[in-house]
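# Fold the following and give me the result.
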Amino acid sequence: LLHRSSGNITSQRANIRAKLGLKKSDNLKEALQERMRLYEEEEHRQEEFSAMR
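Numbering: from 1, shown residues only. Have a look, this model is predicted:
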């Protein structure tokens with residue numbers, strides 16, 4: 001689909017895990033979804049705060 005080898009994808013996943021401080025056994029998809037959920041909650045709080053000013 002993206003013309004990438006499976007080795008390249010594995011390498012990229014390992015790099016992402018390292019940057020996030022995850023272990024190889026950690027679920028990368030779940031970790032990324034949780035980080036996005038927290039980010040979106042923070043964005044929403046900032047928008048509410050700005051609207052109150």
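# Can you pull out the residues in contact with the top helix by length along the chain?
Once the chain is assigned using DSSP state H, the helix that runs over the most residues is helix 28-52. For helix 28-52, contacts defined as C-beta atoms under 8 Å, 6 or more residues apart in numbering pick out 13, 16-17, 20, 22. Placement of C-beta: from N, CA and C, glycine included.
# how far away is the most centrally placed residue in the chain from residue 45?
For the chain, residue 32 is the residue whose C-alpha lies nearest the centre (C-alpha atoms, centre = their mean; 3.0 Å). For residue 32, the distance to residue 45 equals 21 Å [C-beta to C-beta, to the nearest Å].
# Then residue 29?
25 Å.
# Show the low-confidence segments of the chain, by residue range.
1 (pLDDT under 70).
# Can you tell me the closest non-neighbouring residue to residue 26?
Distances taken as C-beta to C-beta, 6 or more residues apart in numbering put residue 17 closest to residue 26, at 7.0 Å, once the chain neighbours are dropped.
# From what I see, the one you found and residue 23 are in contact.
Yes: with contact defined as C-beta atoms under 8 Å, residue 17 and residue 23 form a contacting pair (7.5 Å).
# between these two, which one's more packed in?
Between residue 17 and residue 23, counting by other C-beta atoms under 10 Å, residue 17 is the more crowded of the two (16 against 6).
# mind listing what's buried in stretch 17-28?
When neighbours are counted by 16 or more other C-beta atoms under 10 Å, the buried residues of stretch 17-28 are found to be 17, 22.
# Show the end-to-end separation of that stretch, please.
Taking C-alpha to C-alpha, to the nearest Å as the measure, stretch 17-28 stretches 7 Å from start to finish.
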